[in-house]
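>>> Here is a sequence with its predicted model. Questions after.
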Amino acid sequence: MSNENSRKIGQHTWSYREGTIITGTILLLGFSIQAASGGTVLLIAGFPWNLISGIVFLGLLVLSFYFWHKHPIIKGLGSVKAALPAILGFTLLVLMMGFVKQDVESQNAMVKLFGLTHLVKTWPFILINLYLLILLGIVTMKRLTPFNLKNAGFFLNHFGLFLVLFSTALGSSDMQRLTMNCNENQIERKAVDASGKVVDLPLSIKLLNFNIDEFRPKITIVDNKTNKIVQNKGIDQLEMLDRDSFNIAQYHIKVEQFLAISAKVGDGFIKANEPGSAPSAKVTVTNLTDHTRLSGWIYSGSYANEPVTLKLNEHYSLVMLPAEPRKFSSSLNIQTQSGKNVTTTIEVNKPFSIDGWTIYQTSYNTEMGRWSELSVLELVRDPWLPLVYLGIFLMMAGAVFMFVFGKPKSGGTEHVA
Amino acid sequence: MWLDFPIYASIAILCWLAASGLFLTSGKKVMNQLAAGFSFAGTAFLLVFIAILWISIQRPPMRTLGETRLWYAVFLSGIGLVFYLRWKYKWLVSYSLGLAMVFLIINLNHPEAYDKTLMPALQSPWFIPHVIVYIFAYAILGASSLVALRNLFFVPTEKTIKGPIQMADNLVYLGFSCLTLGLLFGALWAKEAWGHYWTWDPKETWAFITWMFYLVYIHYRFRHPSEHKKAMAVLAVSFAILLICWFGVNYLPSAQNSVHIYSE
C-alpha cells in the first residue's frame, strides 16, 4: 500500500483488507442465501413498499453520515479502499453474466443453484448493489461538505450513478412491459406480459392501418444445384435494384422494367395491388465473357406466390431476394379511460406516450411482409423513469466535465473533507 | 464499390509508413513536419474513402465491424497526430499509426460487400453520435494502452515516467468520458427503440464490464499515484476487455441473438 495519511489517525482506520473482507462477505453471503433459498428469482417489492424502503434507506444514509461522519467506519466506507474492492466485486458478477447466457433455463445444477442464468435477480447482485449505493451515497455527501465548485465533476459522476442505480433497482418492479397483438380494424384492450399473463389496460387501441416501406430488393446469382449464393472472394454478390444497369460477377445486368408490387400474368408481370403481390423486374443479362445475351422476368415471391428466377445457364440462375423493410409503422386510434381520444402513427424509434404508457412499434407478421394485417406493439409503463433520466443526465454532465477538465490536479484530494 | 478500398488503404498505409519512418529516424524539424504531413495525408485519404462510401451506400457506414474499423483507423491516426502536435510525443504517433495500419490490413483481408439496407431500429438520430463517440473512445483508450505497454516494457525511471504516465491519465480521462457518453447515448436510444434503457444484452454487459475496468484504473491511480507498474497493467488488461466487447462478443455463446452483433 502506498502513501496513506489516514493510517496515522488511529488503528481503526481502513485498509484494503477491510474493504475486501466486506465485499467478499457480501458476495459469499449473497450466494449462500441464494443457494439456501433454492435458486429462486428475486423481485423487489412494488409500490408503495419500494418507495417507502427507498425513503427509509435515504433517511438512514443521511442521518448516519450526519451523526457519524467522523467515525472510522463511515470514513472507511467513503474511501477508495472500500470502493475498489466493491467495484471489483460487482465487475466479477457482471463478468459471470458476460459468459453465462442470461434468461434461459439451465440444466447445470450448480448454475441453477446459484442463479447464474438470472444474476440480476439474485441475492449477491442485489446486496452488492445496495453496498455500492451506500458507498456512493456516503462519498457524495463527503464531497459535498463543505461544498466546493471544483468537486462538481465528482458530484455529477458519483451522484448521477447513485441515482441511476437507486431508481432502476427500486423501479424494477413498478415497470410494466407488455406485448399487444393488433389486427387491422379491431379494438384491443388487453396485452400480455413476459410470463404470458393477460393484463387489462386503462386504454384501448384500434389499429387503423399497418404500413411497410421497403428497400428496393437485391438480386444475386445462385448455384442451380446447391441453391446457395455464388460468392466472389468470400463475399456474397448482392446488388440492390436501385440502378438501371450494373455488373454482378461476369454478368452485366440491364433493368428494363421494375415493378414494386406486381402479379404474374401470362409470361410477364403487371403492376398489381392485391395481397401477396411482390416486386418483379424485367432484365437483360449479358455474359461479359462470351457476350451471349438473354432476358426475362425475375420475381421475389411472397407468402402467396413462388419466386421466379432467370436461368442463366446450366450452372447459375439470377434470383431476386425478398425486399427488406426500410420502415414499418402503425396508425392507431387510442382511447383512454381518462377520456382522451387520439389518432397517431408510431414506428420503430418513434414511440408515442399517453397517460404514463409509451407505445412502441415492435414487429408484424414477417411471413406476410408488406401484406401483414397484424402489428405487434409493446406497451411500457415506467413511473421511475424521470429519476433514472435525471441520473443519466447528471452522469452525462459529469462526463462532459471530465472531458473538458481532465484529471484533477494531485488526484483531486485537496478538496476532500 | 469495394474495389476502390485497396487503393485508398494502400495509399494511407504508405503515407503512414513514411510518416512513422521519418518520425523514428530523423531528429530534424523539417523532417518531423514532413512526417506530420504524411501522417495527415494518410488520414485524409481514408476520410475521403469514408465520404465516398457514405454517399454511395446512402447510409452511415457504421453498421459492420469492418466499417467501425475504418473509423477506428481514422480516429487513432488523427489522435496520434494531435498528440504529437500538442506534446511532441513522436513515439506515440508512430505507435498509433502502427495500430491504425493493423486495422486497415485486417479490413484488406476481410473485404465486405457494402450493404445499402439499414434495419429500422438503426434509423435513429442516436445512431451516428452513439457509434462515433464509442469508436473515438476506443481509439483514445487504444492509444492509452499503447502508452501503458511502453511503460511496462521500457522500464522508465521515476524521472522519465512522469510525462508518459500523465499522458496515460489524460488519455484515459478523455476516453472514459467518451465511453460514458457512448454508454448513456445507447441507453437513451434503447429506450426510444425498444422500450427499455438497459436490458443486460451481452453487448451491454461487456460494455459495462469495459467501463468498470477503466473505473478501476481511475480509482487506483487516484489513491496510488506512485504505483505505476500495477496501474499500467490494469490499463493493458482493460484494453483486452474492450476488444472483447468490440469484436469478441460476436463469438461468445452468451451473445447469440444479441441486438448488437455487427453484421459481417
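Here it is on my side, so go on.

>>> from here on, contacts and neighbour counts on C-alpha atoms
Noted.

>>> Check the burial of A:Leu310 by counting its neighbours.
Neighbour count for A:Leu310, taken as other CA atoms under 10 Å in any protein chain shown: 20.

>>> just checking, it touches A:Met320?
No - A:Leu310 is beyond contact range of A:Met320, at 9.2 Å (criterion: CA atoms under 8 Å).

>>> what touches both of those two?
A:Ile298 (CA atoms under 8 Å, 6 or more residues apart in numbering or on different chains).

>>> Quick one: residues contacting whatever residue of the stretch 51-200 of chain A ends up closest to chain B.
Nearest residue of the stretch 51-200 of chain A to chain B (CA to the nearest CA) works out as A:Lys101 at 4.0 Å. Counting by CA under 8 Å, 6+ apart, A:Lys101 makes contact with A:Thr117, B:Pro253, B:Ser254, B:Ala255.

>>> before we move on, what SS does the nearest residue to the third one once chain neighbours are set aside have?
Looking back up the chat, that one is B:Ser254. Distance criterion CA to CA, 6 or more residues apart in numbering or on different chains; nearest residue to B:Ser254, sequence neighbours excluded, is A:Lys101 at 4.0 Å. Classification of A:Lys101 by DSSP: H, G, I helix; E, B strand; the rest coil places it in coil.

>>> cool, and the one 4 residues further on?
Local secondary structure at A:Glu105 is given as coil here, using three-state DSSP.

>>> need the contact list for B:Ala148.
B:Ile165, B:Ala168, B:Met232, B:Ala233, B:Leu235, B:Ala236.

>>> Return the distance of the residue nearest the centre of chain B relative to B:Lys88.
Nearest to the mean C-alpha position of chain B, by CA atoms, centre = their mean, lies B:Ala139 at 2.2 Å. The gap separating B:Ala139 from B:Lys88 is 19 Å, by CA to CA, to the nearest Å.

>>> try A:Trp68
A:Trp68 is 50 Å from B:Lys88, by CA to CA.

>>> And the pLDDT for residue 127?
You didn't say which chain, so I picked chain A. In this model, A:Leu127 is scored at 96, pLDDT.

>>> think we crossed wires, I meant chain B
For B:Phe127, pLDDT reads 95.

>>> Number of residues surrounding it?
Counted with other CA under 10 Å, B:Phe127 comes out at 17.

>>> just B:Ala51 next, same as before
13.

>>> now A:Lys409
Other residues within reach of A:Lys409, judged by other CA under 10 Å, total 9.

>>> for B:Phe103, same thing?
Other residues near B:Phe103 come to 19 when the count uses other CA under 10 Å.

>>> So which bits of the stretch 51-200 of chain B are right by chain A?
Within the stretch 51-200 of chain B, the positions near chain A by CA under 8 Å from any CA of the partner chain are B:111-113, B:116-121, B:123-124, B:169-170, B:173-174, B:176-178, B:180-181, B:184, B:192-195.

>>> Now which of these would you call buried?
Neighbour counting with 16 or more other CA atoms under 10 Å in any protein chain shown marks B:111-113, B:116-118, B:120-121, B:123, B:169-170, B:173-174, B:176-178, B:180-181, B:184, B:192-195 as buried within those.

>>> circling back: next one: phi and psi at the residue nearest to B:Ser254?
phi -60, psi 130 (degrees, to the nearest 10).

>>> what's the pLDDT at it?
A:Lys101 carries a pLDDT value of 88.

>>> And A:Gly39, by the same measure?
69.

>>> tally of neighbours for B:Phe45?
B:Phe45: 20 surrounding residues under other CA under 10 Å.

>>> Okay, and it sits in which element?
Here B:Phe45 sits within helix B:29-57, counting by DSSP states H and E.

>>> For that helix, name the packing helices and strands.
Here helix B:29-57 touches helix B:4-25, helix B:65-87, going by 3 or more CA pairs under 8 Å, 6 or more residues apart in numbering or on different chains; DSSP states H and E.

>>> These into CSV, with extra columns for distance to A:Ser195, mean neighbour count and mean pLDDT?
As requested, the helices and strands packed on helix B:29-57 are arranged in CSV below (distance: least, CA to CA, whole Å; neighbours: other CA atoms under 10 Å in any protein chain shown; pLDDT from 0 to 100):
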stretch, distance to A:Ser195, mean neighbour count, mean pLDDT
helix B:4-25, 49, 19, 94
helix B:65-87, 35, 21, 94
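
>>> check contacts around A:Lys218.
Contacts of A:Lys218 by CA under 8 Å, 6+ apart are A:Leu238, A:Glu239, A:Met240, A:Leu241, A:Met320, A:Leu321, A:Pro322, A:Ala323.

>>> Just the pLDDT at it, thanks.
So, for A:Lys218, pLDDT stands at 95.

>>> Could you measure from it over to B:Arg59?
Using CA to CA, we find A:Lys218 at a distance of 16 Å from B:Arg59.

>>> about what we covered before: among the buried ones among the residues of the stretch 51-200 of chain B next to chain A, which are in strands?
Among those, DSSP state E puts none in strands.

>>> Looking at those residues, which are in helices?
B:169-170, B:173-174, B:176-178, B:180-181, B:184, B:192-194 (DSSP state H).

>>> just those residues: which has the poorest pLDDT?
B:Trp194 (85).

>>> Pull the contacting residues for that one.
Going by CA under 8 Å, 6+ apart, B:Trp194 touches A:Val348, A:Asn349, A:Tyr360, A:Thr362.

>>> burial count for the third one?
I take that to be A:Tyr360. Neighbours around A:Tyr360, by other CA under 10 Å: 28.

>>> does it count as helix, strand or coil?
strand.

>>> just checking, A:Pro202 is part of a strand?
Yes - assessed with three-state DSSP, A:Pro202 lies in a strand.

>>> out of everything not next to it in sequence, what's closest to it?
A:Gln337 (5.5 Å).

>>> Could you check the pLDDT of the one you found?
pLDDT, read off for A:Gln337, is 95.

>>> isn't it right next to A:Leu201, touching?
No - using CA under 8 Å, A:Gln337 is not in contact with A:Leu201, being 9.1 Å away.

>>> neighbour count winner among those two?
Counted by other CA under 10 Å, A:Gln337 and A:Leu201 do not tie: A:Leu201 has more neighbours, with 16 against 11.

>>> Pretty sure that one sits against A:Lys190.
Yes - assessed by CA under 8 Å, A:Leu201 is found in contact with A:Lys190 at 5.8 Å.

>>> just the helices in the stretch 301-417 of chain A please.
Per DSSP state H, counting those that start in this stretch, the stretch 301-417 of chain A carries helices over the ranges A:385-405.

>>> Could you pick out the residues of it near chain B for me?
Counting by CA under 8 Å from any CA, the stretch 301-417 of chain A sits next to chain B at A:324-328, A:348-351, A:358, A:360, A:362, A:378-380, A:392, A:395-396, A:399-400, A:402-403, A:406-407, A:411-412.

>>> Nearest to chain A, out of the contacts of B:Ala148: which one, please.
Nearest to chain A among the contacts of B:Ala148: B:Ala168, at 10.6 Å, using CA to the nearest CA.

>>> I'd like to know which elements the helix or strand where A:Tyr66 lies is packed against.
Here A:Tyr66 sits within helix A:49-68, counting by DSSP H and E. Applying 3+ CA pairs under 8 Å, 6+ apart, one finds that helix A:49-68 contacts helix A:123-144, helix A:152-171.
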